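Colleague: Need coordinates for the below:
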Amino acid sequence: MKGKDEDKLSMYEKTGLFVKDHIDEISAVVKRAVIEKANFEEALNELMYIIANAGGQTTGYTQIKENARFLLERSMLKIMRALKAFAIDENLFDLKAKNDYSRTDVERLRDSDLFTTALRIYGLANDNEAGIANYSITHDNISKLDTYAKSFFEVIQLPKDKIGERSSYNKLIELKMAEIDTILYDKFDNYLSLIEFDNVQLYAQYRSARSIDNSRGTSSSKQYSGTVAAGLTVMVVQQDYDQDRSYTFFNKGNADLQIGLSTDGVSINSSSVTLQPGDEISRDASDLNSEGNYLLVQNIGSIDGKYEIKADK
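Modeller: Just a heads-up that it's a prediction; the model follows:
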């Protein structure tokens, strides 16, 4: 993966953790957030699967096709099961018969048969979209089936010696990241904007999770920077606690700041460091707390603040 993609992956993980921890609060405002949370987690898991295989020992056309087939099979099985459940409840025996496939049945399909079956299921899903909506199938789920089927068809049509392995993996990663971006931009960014003025703290934490830090490099050092509104607290980064990690904190703005570690990502529960405008202070993680996977910045001033943090790992 390119460095910028690694930064985005880190942002996806931070955002996923935030959504998981606060889904009850978000879904109280937008009930559909529960469905989109599941879609986001599914897409992120699929992205991690592709990345893991891209760096594994199995190489070449076979592995690329396996990735494309895996995504298509999962998508198709999910929709087939919903169609079957809908057919049973509504006594639609012909529809039930057309979707009565087990996982083993699908896995045994030849590549060409898998593709044609996926197209048929896509058509049935479109025809019965309203009915299967009650079985956790969204329009996005149906659209993804079509996308995965077309991607799989492209792979099985290409001659093996014409496939550039690395470029093929990069294309799969690019497509999956674009899908995740769509969920975040079109769904969660809009959902969270609805609570910006009613729950300012939660919204600030979301924007912090959605920020992309440019912490990549040849060394293991990290650097984070950002702003924090007056009276609010933002999560800078979530990472496993390391008592030997060293931080250097900079107050780049005109408001007093407190910086410390947290065990819940919401409030500082450690020996925080207070920085006045222009201050620069260094501390080890062990000086701040004996635990805490979240690094927080709290603005204790009356105007917006600005911070910069450097960590050695």
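Colleague: Name the spans of the stretch 151-300 of the chain whose pLDDT lies under the cut-off.
Modeller: Low-confidence segments of the stretch 151-300 of the chain, defined by pLDDT under 70: 158-169, 171, 212-220.
Colleague: any chance you could map the strands in it?
Modeller: 222-228, 233-238, 246-251, 257-262, 273-275, 280-284, 294-299 (DSSP state E, counting those that start in this stretch).
Colleague: Residue 144 reaches residue 74, doesn't it?
Modeller: No: the pair residue 144 and residue 74 fails to qualify as a contact (CB atoms under 8 Å) at a distance of 9.7 Å. Just so you know, the C-beta spots here come from the backbone N, C-alpha and C atoms, and that holds for glycine as well.
Colleague: When the two are compared, which one has more neighbours?
Modeller: residue 144 (22 against 19; other CB atoms under 10 Å).
Colleague: Tell me how far the more buried one lies from residue 79.
Modeller: Going from residue 144 to residue 79 by CB to CB, to the nearest Å gives 9 Å.
Colleague: re earlier: to residue 188, which of the strands of the stretch 151-300 of the chain lies closest?
Modeller: Shortest distance between residue 188 and the strands of the stretch 151-300 of the chain, using CB to CB, is found for strand 233-238: 15.9 Å.
Colleague: Report all helices and strands that that closest one contacts.
Modeller: helix 3-27, helix 200-210, strand 222-228, strand 294-299 (3 or more CB pairs under 8 Å, 6 or more residues apart in numbering; DSSP states H and E).
Colleague: Let's see that with 10 Å instead.
Modeller: helix 3-27, helix 200-210, strand 222-228, strand 257-262, strand 294-299, strand 305-311 (3 or more CB pairs under 10 Å, 6 or more residues apart in numbering; DSSP states H and E).
Colleague: what is in contact with residue 144 and residue 79 at once?
Modeller: residue 122 (CB atoms under 10 Å, 6 or more residues apart in numbering).
Colleague: Pull out the buried positions in the helix or strand hosting residue 94.
Modeller: In this assignment (DSSP states H and E), residue 94 forms part of helix 93-98. Under the neighbour-count criterion of 16 or more other CB atoms under 10 Å, helix 93-98 has 95-96, 98 buried.
Colleague: what's the closest of the residues you listed to residue 67?
Modeller: residue 98 (27.3 Å).
Colleague: Test my guess that that closest one contacts residue 125.
Modeller: No: Residue 98 lies out of contact with residue 125 (CB atoms under 10 Å); the separation is 11.2 Å.
Colleague: what's around residue 313, how many residues?
Modeller: Quick note: residue 313 (other CB under 10 Å) scores 11 neighbours.
Colleague: was I right about it contacting residue 239?
Modeller: Yes: if you go by CB under 10 Å, residue 313 and residue 239 touch, sitting 9.0 Å apart.
Colleague: residue contacts, residue 185?
Modeller: Contacts of residue 185 (CB under 10 Å, 6+ apart): residue 210.
Colleague: Next: the one 10 residues further on.
Modeller: With contacts defined as CB under 10 Å, 6+ apart, residue 195 is in contact with 25-26, 28-30, 201-203, 206.
Colleague: separation between it and residue 263?
Modeller: Taken as CB to CB, the span from residue 195 to residue 263 is 24 Å.
Colleague: Let me have the buried residues of helix 93-98 in CSV, extended by distance to residue 38 and pLDDT.
Modeller: Putting the buried residues of helix 93-98 into CSV (distance: CB to CB, whole Å; pLDDT from 0 to 100) gives the following:
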residue, distance to residue 38, pLDDT
95, 25, 92
96, 25, 92
98, 26, 92
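Colleague: Pull the contacting residues for residue 37.
Modeller: 16, 19-20, 23, 26-27, 183, 187-188.
Colleague: what do residue 144 and residue 74 both touch?
Modeller: In contact with both residue 144 and residue 74: residue 42, using CB under 10 Å, 6+ apart.
Colleague: Mutual contacts of residue 313 and residue 239, please.
Modeller: 222, 245.
Colleague: picking up where we left off before, which of the contacts of residue 37 lies at the shortest distance from residue 292?
Modeller: residue 20 (18.3 Å).
Colleague: Check the offset of the stretch of helix or strand residue 46 belongs to from the chain's centre.
Modeller: Residue 46 belongs to helix 33-54 when assigned by DSSP H and E. Its chain's C-alpha centre and that of helix 33-54 lie 6 Å apart, by CA atoms, centre = their mean, to the nearest Å.
Colleague: what inclination does it have with respect to helix 3-27?
Modeller: 160 degrees (axes from the mean of the first three to the mean of the last three CA atoms, to 10 degrees).
Colleague: buried stuff in helix 33-54?
Modeller: 33, 35-37, 39-40, 42-44, 46-47, 49-51, 53-54.
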